[in-house]
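>>> return atomic coordinates for the entry below.
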Amino acid sequence: MTRIPLTAALICMTAPTLLAQGARTPSFADDVAFLKPYTDVIVLSDESGAARVALAPAWQGRVVTSTAGGDTGASFGWINRELIASRKLLPHMNPFGGEDRFWLGPEGGQFSIFFAKGAKFELADWQTPAPIDTLPFRVANRSRSAARFAARFELTNYSGTKFDVEVDREVRLLEAAAIWKALGAAPAAGVSLVAYESDNRITNAGKEPWRKETGLLSIWILGMFNPSPATTVVVPIRAGADAELGRKVTADYFGEVPPERLSVRDDVIYFSGDGKYRSKIGIGPRRSTGVLGSYDAAARVLTIVQFTQPAGATDYVNSLWKLQDDPFAGDAANSYNDGPPAPGAKPLGPFYELESSSPAAALAPGASLSHLHRTVHLTGPEAALDPVARAVLGVGLADITNALGKRDAR
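Next comes the predicted model:
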């Protein structure tokens, strides 16, 4: 692929997708067929063949999309068809899409790996490191239901600290019995589902320890999904005083989120996933419960994300685009809603994201840190999905769809 200048890149990044042009919603087979001319694709499947996952080794072993209905089933991942079909590479980041992509933090601050030493914390100087953007991961092994990827590379942060990093990443498709156990919910009749987990490990492959004083890395997993006016993101949080647990949500990444798009309760946060307004929320480790999700009331798709969050861990890298007083007061979980970056401009996607991060990795030479991120999609009648939402998210579907008035958008 060749690189294109910023002006052309923005046109490519913001061009409408086939969906926005009115084409029918693609099936899983449609998306896999689209991808194959541009990149190698690995398809995992369960014993029945209904649950399937498509992986792209060249894009850091990411899960591009999945389905619960075989080849003809709905495809759950957002895919940037315009960018992929252009065969171009963009100057700052290549948002190919995908439900589970491997990144590393922090993004901003004095220990950032996205800004070179002395750079301004502005878009013009922001650069996604090639190892988590354009360089492929090696396929270590694969089976019907799992694939393992490996990579080794060097990174340098804003402060000049060098990291020799080894990555081991395995994506596993789960069978139905394991899914229900992981959810802690009773199997529901009439529900179709697909679930997979990425088990990600980074190792300090260098000769020097990674220390807080000179900057640390973290594993950052981001999932990009198709938005709709009827989609609401749901984040259960721990109830309690701010003095003990910190603020309930950070919501000023791109300016304050309007109240009709964000509802903060004592033990749950609701956030719009309509892809129409650029905004982002973050949940600190003392508030996070290791779970977040979304519900599309129009398509009747309940999505659950679960991730490992070590008890007592409070050092999470801070990705705000500025020099920071506390570079380890970052988020354990995030959600991003895409939208126009300025009035009249076109969005990147649009899409919405569900994200999780590991604690900061203070690793001795040869030591490792792991982070597991699990994604579950369930489809079916609301009467069958409602008990699942209550068991996993602590709220029912009516609570979710009414929180931001999404029931009217179905």
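>>> name the SS class of V64, please.
When classified by DSSP: H, G, I helix; E, B strand; the rest coil, V64 comes out as strand.
>>> so R62 makes contact with W103?
No. Assessed by CB atoms under 8 Å, R62 is found out of contact with W103, at 9.8 Å. From N, CA and C alone the C-beta is placed, and that goes for glycine too.
>>> who's more crowded, those two?
Neighbours per residue, other CB atoms under 10 Å: of R62 and W103, the larger number sits with R62, 29 against 20.
>>> tell me what that one is bridged to.
A56 (DSSP bridges).
>>> for it, which residues are in contact?
Under the criterion of CB atoms under 8 Å, 6 or more residues apart in numbering, the contact partners of R62 comprise L55, A56, F96, G98, E99, D100, R101, F102.
>>> rerun that using 10 Å as the cut-off
54-56, 77, 96-103, 137, 149, 169, 171, 198, 221-224 (CB atoms under 10 Å, 6 or more residues apart in numbering).
>>> the residue lying closest to Y253 once chain neighbours are set aside: neighbour count?
Nearest residue to Y253, sequence neighbours excluded (CB to CB, 6 or more residues apart in numbering): K280, at 4.1 Å. Other residues lying near K280 total 19 when counted by other CB under 10 Å.
>>> returning to that earlier point: shared neighbours, R62 and W103?
I221, L222.
>>> show me where the stretch 151-300 of the chain has helices.
176-183, 242-245 (DSSP state H, counting those that start in this stretch).
>>> which strands or helices does the shortest one pack on?
Translated: helix 242-245. The helices and strands touching helix 242-245, judged by 3 or more CB pairs under 10 Å, 6 or more residues apart in numbering; DSSP states H and E, number zero.
>>> contacts for that helix?
Counting by CB under 10 Å, 6+ apart, residues outside helix 242-245 touching it are I237, R238, A239, K248, G284, P285, R286, R287, S288.
>>> S335 versus the fifth one, what's the distance?
Put plainly, it is G284. Using CB to CB, to the nearest Å, G284 is found at 14 Å from S335.
>>> who's more crowded, those two?
When G284 and S335 are compared on other CB under 10 Å, the one with more neighbours turns out to be S335, at 26 against 21.
>>> you'd agree that one is up against M224?
No. When contacts are counted by CB atoms under 10 Å, S335 is not listed as touching M224 (11.3 Å).
>>> mutual contacts of those two, please.
Contact with both S335 and M224 is made by residues Y352, E353, L354, E355, according to CB under 10 Å, 6+ apart.
>>> element containing the third one, please.
The one in question is L354. Using DSSP states H and E, L354 sits within strand 352-357.
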